[in-house]
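Trainee: sequence below, structure please.
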Amino acid sequence: MIEGLKPYAEYKESGLPWLGLCPKNWSVRRMKILFHERVQKGFPNEPLLAATQRKGVVKKEDYETRTVTAQKDLHLLKLVEVGDYVISLRSFQGGIEVAHCRGIISPAYTVLKPGKAVTSGYYSHFFKAKQFIDSLSLFVTGIREGQNIDYERLSRAEMPLPTDDEQAAIVRFLDHANWKIDSFIRAKRKLIRLLNEQKQAIICRAVTRGVHPDLSHKPSGIPWLGDIPKHWDVLRAKYVFREMDERSKTGNEEQLSVSHTTGVTPRSQKNITMFKAESYVGHKICRPGDLAVNTMWAWMAALGVSTYEGIISPSYAVYRQRKPERLLSNYADYLLRIAPYRFNYLSRSTGLRPSRLRLYPDEFLKIPIIIPPREEQQQIVDSIAVETSALNTAIARTEREIALMQEYRTRLTADVVTGKLDVREAVTKLPDLRDAGVPETMADETLEEELETEEIS
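Mentor: Coordinates of the predicted model:
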């Protein structure tokens, strides 16, 4: 994609320490000259919007989150038009978001209407460049979860302004590059899904049928599970687990995340952005061997047997084995995350929509648990490790390929929007995406976010 790209012929000092040199024919303008703050209220019938770091500003109904939806005082929310930019509470971490639809948004956000000089969409790419995001730290006020961008100060900051033709060339080049990169990542994520399906099939068969093909079977008495080996037991969860409600008195314990992809892990190991609470006093304590369940996303298998000691959200559930010798932690972790159990969690959860479903303890404790002899549990765990080893290696390799491509996108975008690479000649050779047989909406489509990228922990 960057083959043949060269720097501009002449550069000048931009006067911006975070930008350095910029092309000689580019201008530098204050942000308040390029954008005008939009403070229009009194549109309660417009759809509610959500500002997201990956999808931009979209309709809240199209972007399921666990945020509380406002039910009153909608006339106080700010109007956002298509093409506006929104400075949200997370903008200092992920840039300023462009709006893809008209609607209303929190009055705590700043809405910017582009001026005539910046209508090409250039800034939707520029505001995501690492150099610009890093520069936003100069305009942040507050600490921890109270951090916000002081727009009064930011409005006086200077921004690079390419010519109209160059803005159009940059937008076309990056749209084309992003389409190719997104296509690559989609293919890799599809491969990961297929590998995970294969892995889950291996796990499901092992934990429900055992690893000895000559075993006699019996009806489990569980319609959604079918037959199990004849000598295995089935017990209601209430006879296997008891709910725990230990609370932190200091809030200083290690913070744990409960995810549908990684189970129970320290938050420090997660590469996702989460708001921090003012205090973690009163959060639930989770100990090694405890089963932690994210009650909001249990139907996605956001649960796991912890190998760590720490604290989790007070809205989550913690269960401890009544007889720790009954179930091996690894076996329980595999069993409770297979598809049949996930479907049962879904049927037992209550709520109006997926983002509001809850699996409460009284329902979880009714779930039947299949229990092989302990020595067979260890054989099952060992067999799964052997049979999924190659799949795990392939998944890790593919995830690394995705990460490298995302890093490439970040570098390419930064180099192009800051004028380090000249794309004017390159865009004259690019095919029109529609002529190439690409659906028109695909060029602008952002990758479907994994649930992991939002806080479900």
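Trainee: show the contacting residues for residue 293.
Mentor: Applying C-beta atoms under 8 Å, 6 or more residues apart in numbering, we find residue 293 in contact with 258, 302-303, 316-319, 359, 364. (Each C-beta comes from the backbone N, C-alpha and C, glycine too.)
Trainee: give the contact list for the closest residue to residue 419 other than its chain neighbours.
Mentor: The shortest distance from residue 419 to any residue other than its chain neighbours is 4.3 Å, reached at residue 23 (C-beta to C-beta, 6 or more residues apart in numbering). Applying C-beta under 8 Å, 6+ apart to residue 23 gives the contacts 8, 10-12, 162, 166, 419, 422.
Trainee: which pLDDT value belongs to residue 356?
Mentor: If you check residue 356, the pLDDT there is 74.
Trainee: the strands in the stretch 251-400 of the chain, which residues?
Mentor: 256-259, 263-266, 284-286, 291-293, 303-305, 310-312, 317-321, 368-371 (DSSP state E, counting those that start in this stretch).
Trainee: same list (these) but as CSV, adding mean pLDDT and distance to residue 129.
Mentor: CSV is the format used below for those (pLDDT from 0 to 100; distance: least, C-beta to C-beta, whole Å):
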stretch, mean pLDDT, distance to residue 129
strand 256-259, 92, 29
strand 263-266, 94, 31
strand 284-286, 97, 39
strand 291-293, 97, 38
strand 303-305, 96, 37
strand 310-312, 96, 36
strand 317-321, 97, 42
strand 368-371, 96, 51
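Trainee: the helices in the stretch 301-450 of the chain, which residues?
Mentor: Along the stretch 301-450 of the chain, the stretches classed as helices by DSSP state H, counting those that start in this stretch are 329-335, 339-348, 361-364, 374-387, 389-417, 424-427.
Trainee: any chance of those in TSV, plus mean pLDDT and distance to residue 30?
Mentor: TSV is the format used below for the helices of the stretch 301-450 of the chain (pLDDT from 0 to 100; distance: least, C-beta to C-beta, whole Å):
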stretch	mean pLDDT	distance to residue 30
helix 329-335	96	55
helix 339-348	95	53
helix 361-364	96	56
helix 374-387	97	60
helix 389-417	97	18
helix 424-427	93	26
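Trainee: buried deepest among the ones you listed, which one?
Mentor: Compared across the helices of the stretch 301-450 of the chain, helix 329-335 shows the largest average neighbour count, a mean of 21 (mean count of other C-beta atoms under 10 Å).
Trainee: quick one, domains of this structure?
Mentor: Per automatic domain parsing, the structural domains of the chain span 27-161, 190-392.
Trainee: select from those domains the stretch with the lowest mean pLDDT.
Mentor: Of all the domains of the chain, mean pLDDT reaches its minimum on domain 27-161 (a mean of 87).
Trainee: coming back round to it: reformat the strands of the stretch 251-400 of the chain as JSON lines; add distance to residue 50.
Mentor: As requested, the strands of the stretch 251-400 of the chain are exported to JSON lines (distance: least, C-beta to C-beta, whole Å):
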{"stretch": "strand 256-259", "distance to residue 50": "21"}
{"stretch": "strand 263-266", "distance to residue 50": "26"}
{"stretch": "strand 284-286", "distance to residue 50": "28"}
{"stretch": "strand 291-293", "distance to residue 50": "26"}
{"stretch": "strand 303-305", "distance to residue 50": "26"}
{"stretch": "strand 310-312", "distance to residue 50": "25"}
{"stretch": "strand 317-321", "distance to residue 50": "27"}
{"stretch": "strand 368-371", "distance to residue 50": "38"}
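Trainee: closest one to residue 206 among those strands?
Mentor: Among those, strand 368-371 comes nearest to residue 206, with 11.9 Å by C-beta to C-beta.
Trainee: tell me which other helices or strands the closest one touches.
Mentor: When contacts are defined as 3 or more C-beta pairs under 8 Å, 6 or more residues apart in numbering; DSSP states H and E, strand 368-371 sits against strand 233-236, helix 237-240.
Trainee: give me the next element, helix or strand, following the last one.
Mentor: Think helix 237-240. strand 241-244 (DSSP states H and E).
Trainee: check what contacts that next one and list those residues.
Mentor: Residues from elsewhere that reach strand 241-244 (C-beta under 8 Å, 6+ apart): 284-285, 290-291, 317-322, 361, 365.
Trainee: for the residue nearest to residue 419, list each beta-bridge partner.
Mentor: residue 11 (DSSP bridges).
Trainee: separation between it and residue 430?
Mentor: Remark: distance between residue 23 and residue 430 (C-beta to C-beta, to the nearest Å) = 20 Å.
Trainee: ditto for residue 88
Mentor: According to C-beta to C-beta, residue 88 and residue 430 sit 32 Å apart.
Trainee: between those two, which is the more surrounded one?
Mentor: Legend: neighbour count by other C-beta atoms under 10 Å for residue 88 and residue 430, higher for residue 88 (23 against 16).
Trainee: burial count for the residue lying closest to that one once chain neighbours are set aside?
Mentor: The shortest distance from residue 88 to any non-neighbouring residue, by C-beta to C-beta, 6+ apart, is to residue 51 (3.8 Å). Counted with other C-beta under 10 Å, residues neighbouring residue 51 total 26.
Trainee: what's near enough to touch residue 51?
Mentor: So residue 51 contacts 57, 86, 88, 90-91, 97, 105, 109 (C-beta under 8 Å, 6+ apart).
Trainee: most neighbours of all those, which one?
Mentor: residue 97 (29 neighbours).
Trainee: can you give me phi and psi for it?
Mentor: phi -100, psi 140 (degrees, to the nearest 10).
Trainee: test my guess that it contacts residue 83.
Mentor: No. Taking contacts as C-beta atoms under 8 Å, residue 97 lies outside contact range of residue 83: 11.8 Å.
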